[in-house]
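Chemist: only the shape, not the letters, is given here:
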């Protein structure tokens, strides 16, 4: 059965007490490859769920009789595996949180919605449902195979011994596939970084610079490797919410923006968190992104947090973000680092946490060496044999096995797990060409 055929068997239920809203949703999803169901109340929605195998449930929050949160909570008893989302107004964030906590909703969408965003959200929810179902199938398959293994063991010891190696390999493949299903969510984050590069090269490079600074600050502060890894991910995606902003200079200071630009700029941290909210393991990262424009004195945005109420990760990203933008406004030369650090001093205790100055200064001295000009850096493609490939390199083109199997995609970052996998494939199906990676070169300062 093809993927489209499988998707056609899935159903999406929209619940809203306003008939015109349901009609709008029906028109919006008229040509989508899944069964569209609607209900005008929570009670009717529960009746629909008893009759249909629903993959995705999208419910309005404010409904008479039964709220969206109550409906989603009761829907879990009927369709526990369905992916739930809630539609809510901007003023009902607390109600949306109630729907998430009680009803198991994995995200909320504000009214009035953006048609394109809503369509993408529903498609993402369907994919999440499909991946979870596949994971359950694989888990059940593993359990059945383990039961067969026990049966064979009781019947014939020799046969079991001969089959052990093969079964072990197959179980390992199943475990790896299950891990891959979860990893797919993380791969989406890498894709977002590529989208940022397509949106604006400066935005992309700035994100990489901030990530380098954050990593250096984390080392100087003695943070654990796991925490630094999360910080680097958050730093790379801290401006992901900017991809929806109109054309504007990303180097412009907020005080120099027009009122419309300021309003648009002020919502990008919330958009960034919203993008990552669909990924369960990225909640902490999303919170750091949301609050990286909070000021230490409480005058920042979007939540007006103050002092240590601002998450430490957000404070670290804020310091690195401010430094790199200031350096770029000074031409990007490493010779301007001392000057920018003095400007940063003026922000301590007002915009930035004063305790982060020394880690920032230490990281800046490492990331921006005296012989580099950050503003003049450029990407250069280098071809390397597989044995020269190291963790952290970015691929300039797809890596395929000798028989043409796609192993790693262009734009991906080489991880330790990927290196191990590549070497295994190369041993049985050798690569026909060298690996092309992107290396960043900075022009020497005069």
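Modeler: Done, it's in. Keep in mind the model is a prediction, meaning the values are calculated, not measured. Residues are numbered from 1 along each chain as shown.

Chemist: now do the helix or strand where residue 422 lies, average pLDDT.
Modeler: Assigned by DSSP states H and E, residue 422 falls within helix 416-428. What helix 416-428 shows for mean pLDDT is 86.

Chemist: now it: buried residues?
Modeler: Residues 418, 419, 422, 425, 426 are the ones in helix 416-428 that count as buried (16 or more other C-beta atoms under 10 Å). All C-beta spots, glycine's among them, are computed from the backbone N, C-alpha and C.

Chemist: between those, which is closest to residue 146?
Modeler: Nearest to residue 146 out of these is residue 425 (C-beta to C-beta; 27.2 Å).

Chemist: grab the nearest non-local neighbour of the closest one.
Modeler: Once flanking residues are discounted, residue 425 sits nearest to residue 401: 5.3 Å by C-beta to C-beta, 6 or more residues apart in numbering.

Chemist: strands of the protein, start to end?
Modeler: For the chain, the strands defined by DSSP state E cover 11-15, 35-39, 54-60, 83-89, 107-111, 378-384, 394-395, 399-400, 406-408, 435-441.

Chemist: check which helices and strands the third one sits against.
Modeler: Other helices and strands packing on strand 54-60, by 3 or more C-beta pairs under 8 Å, 6 or more residues apart in numbering; DSSP states H and E, are strand 11-15, helix 42-51, helix 68-78, strand 83-89, helix 115-155.

Chemist: got JSON lines for the ones you listed, with distance to residue 242 too?
Modeler: Listed next are those as JSON lines, based on distance: least, C-beta to C-beta, whole Å:
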{"stretch": "strand 11-15", "distance to residue 242": "30"}
{"stretch": "helix 42-51", "distance to residue 242": "37"}
{"stretch": "helix 68-78", "distance to residue 242": "31"}
{"stretch": "strand 83-89", "distance to residue 242": "24"}
{"stretch": "helix 115-155", "distance to residue 242": "16"}
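
Chemist: make CSV from these and add mean pLDDT to it.
Modeler: Listed next are those as CSV, based on pLDDT from 0 to 100:
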stretch, mean pLDDT
strand 11-15, 94
helix 42-51, 93
helix 68-78, 88
strand 83-89, 84
helix 115-155, 85
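
Chemist: can I get these in JSON lines with distance to residue 196 and mean neighbour count?
Modeler: Compiled in JSON lines, these are given as follows (distance: least, C-beta to C-beta, whole Å; neighbours: other C-beta atoms under 10 Å):
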{"stretch": "strand 11-15", "distance to residue 196": "30", "mean neighbour count": "24"}
{"stretch": "helix 42-51", "distance to residue 196": "38", "mean neighbour count": "17"}
{"stretch": "helix 68-78", "distance to residue 196": "33", "mean neighbour count": "21"}
{"stretch": "strand 83-89", "distance to residue 196": "25", "mean neighbour count": "24"}
{"stretch": "helix 115-155", "distance to residue 196": "17", "mean neighbour count": "14"}
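
Chemist: quick check: can you list the domain ranges of the chain?
Modeler: Per automatic domain parsing, the domain ranges recorded for the chain read 3-113, 125-190, 200-375, 377-441.

Chemist: hey, least reliable of those domains by pLDDT?
Modeler: Sorting the domains of the chain by mean pLDDT places domain 125-190 lowest, at a mean of 76.

Chemist: ok, back up a step: export the strands of the chain as TSV, with columns for distance to residue 288.
Modeler: Listed next are the strands of the chain as TSV, based on distance: least, C-beta to C-beta, whole Å:
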stretch	distance to residue 288
strand 11-15	32
strand 35-39	37
strand 54-60	28
strand 83-89	24
strand 107-111	18
strand 378-384	27
strand 394-395	23
strand 399-400	32
strand 406-408	28
strand 435-441	24
